[in-house]
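**Student:** Got a predicted structure here, sequence first:
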Amino acid sequence: MKATLIERKAEKLRHQLVNELAAEGALTSHEWRAAFNEVPRHVFVPVFYRQTPADQSTVDAGTPDEWLAGVYSDQLLVVSPDVKSSSTVPSLMATMLEALDPADGDRTLEIGTGTGYNAALLCHRLGDRNVVSVDIAADLIDAAGKYLASLDYHPTLAIGDGADGWVGGAPYDRIIATCAPNRAPQSWIDQTQSGSRIVTPIATGIAVIDFDADHHGTGRFLAGPAFFMPLRPAPRPADLSGQITEITSAAAQVRPTELDESIWFDSDFRFIQALALPGLRFLSKLSDSGVAIFIVPDGSWARIDQQTVAQGGPQNVWDLLEVAHRRWTDLGRPSREQFSLRITPGAQLVRLDGTDTAWQLPDLP
């Protein structure tokens, strides 16, 4: 398929996707609809990788119809073979950008450049000079810079720890993150000013937080789940299979439990799990034995086997999950949009609306 044909097909698919996002309510403003209509996602995703048990394939311009259909579908795309980088689901990108709600000329910091597609959308809306994007991975910054320049977008791109923000461009009117911290980092808060807004994933939800001149923040969580890579991912064990084997065979007291691994797939409870046990991972379910394993970053683990649980490590992980589940059930199983967020110099509290029930967000690792 020749380049001009690819561009025409991409434009048609792009407009179809935008119409779908608008119909679903993810795109609501003229400004962001124009950005999604005009910024070509395929430039930033020259290849993506299918990562399912049944399909471990690479998709690129060598199969142009399949490639463009994937790029202009409302799905997350893995864009590196080591799963280090991905292109976020377009509907979620649109929802977050709409929530960001910048005004013309607002200076904006993006945490997590990734492919550069989101930075391009910001540049289209706000102009290059008002967009700063930072990523810890130099290779991602290099590639994103080339993709952006090919479309004549030239934001400030910086290599650095996203937890530090980017003080060289501060203060910012808007900050948006495409990776998930445990809480809003103090550096981001320090780089706001009166009227600033931060939109960031926290606890498998999207927090929208407005700040005053004293850097006090008041926010809410949007409806719907959001699963992003952690701002500072916990190191993966060098020998994952060895860790699974060790936990599976570890001697530990066994007791009955009414919960099982299905709680991991309860979208609303995942929000509470992330508040109660930041960094919790469903490590594995062994198909031959039916054993399910959960771990947290400090090495604590829970082993679930046919309505029984064994635990090990500094924390009793499953005890904490059971307490959180009872608390959530007693509260009527609330969903994310029923929670608000309050940030002061001493604390970051997530509170269930209309109650005194609150969780304090933990410090960053």
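**Tutor:** On my side now, so go ahead.

**Student:** per-residue confidence at the one residue sitting closest to the centre of the chain?
**Tutor:** Nearest residue to the geometric centre of the chain (Cα atoms, centre = their mean): F228, 2.2 Å. Confidence at F228, expressed as pLDDT, is 90.

**Student:** Point me to the helix or strand that includes it.
**Tutor:** In the assignment (DSSP states H and E), F228 maps to no helix and no strand.

**Student:** quick one, what contacts it?
**Tutor:** By Cβ atoms under 8 Å, 6 or more residues apart in numbering, the contact set of F228 is 88, 177-180, 201. (Glycine included, C-beta is placed from N, CA and C.)

**Student:** Most neighbours among those, which one?
**Tutor:** T178 (28 neighbours; other Cβ atoms under 10 Å).

**Student:** What is the burial count for the residue nearest to it when sequence neighbours are not counted?
**Tutor:** Spatial nearest neighbour of T178, excluding adjacent residues (Cβ to Cβ, 6 or more residues apart in numbering): G112 at 3.8 Å. Neighbours of G112 under the rule other Cβ under 10 Å: 25.

**Student:** Could I get the full set of helices for the stretch 51-200 of the chain?
**Tutor:** In the stretch 51-200 of the chain, the segments counted as helices under DSSP state H, counting those that start in this stretch are 64-71, 90-100, 117-126, 138-150, 186-190.

**Student:** avg pLDDT for the shortest one?
**Tutor:** Across helix 186-190, pLDDT averages out at 96.

**Student:** just checking, what packs against that helix?
**Tutor:** strand 197-202 (3 or more Cβ pairs under 8 Å, 6 or more residues apart in numbering; DSSP states H and E).

**Student:** now what about the strand it packs on, what contacts it?
**Tutor:** With contact meaning Cβ under 8 Å, 6+ apart, strand 197-202 is reached by 96, 99-101, 111, 173-184, 188-189, 192, 206-211, 217, 219, 221, 226, 228, 341, 350, 361.

**Student:** Test my guess that D260 contacts Q307.
**Tutor:** Yes - using Cβ atoms under 8 Å, D260 is in contact with Q307, at 6.7 Å.

**Student:** Which one's more surrounded, those two?
**Tutor:** Comparing D260 with Q307 by other Cβ under 10 Å, the one with more neighbours is D260, at 16 against 10.

**Student:** I'd like the contacts of F228 as a markdown table, with pLDDT and distance to D60 appended.
**Tutor:** Below are the contacts of F228 laid out as a markdown table (pLDDT from 0 to 100; distance: Cβ to Cβ, whole Å):
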| residue | pLDDT | distance to D60 |
| --- | --- | --- |
| T88 | 92 | 19 |
| A177 | 98 | 29 |
| T178 | 94 | 23 |
| C179 | 92 | 25 |
| A180 | 93 | 29 |
| P201 | 97 | 29 |
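
**Student:** Regarding stretch 195-206, how distant is the last residue from the first?
**Tutor:** 19 Å (Cα to Cα, to the nearest Å).

**Student:** Give me the distance between that stretch and the centre of its chain.
**Tutor:** Taking the mean of its C-alpha atoms, stretch 195-206 sits 10 Å from the chain's own mean (Cα atoms, centre = their mean, to the nearest Å).

**Student:** and it, which residues are buried?
**Tutor:** 196-206 (16 or more other Cβ atoms under 10 Å).

**Student:** need the contact list for I6.
**Tutor:** Contacts for I6 were tallied using Cβ under 8 Å, 6+ apart; they are 42, 61, 64, 68.

**Student:** Report pLDDT for the third one.
**Tutor:** P64 carries a pLDDT score of 93 in this model.
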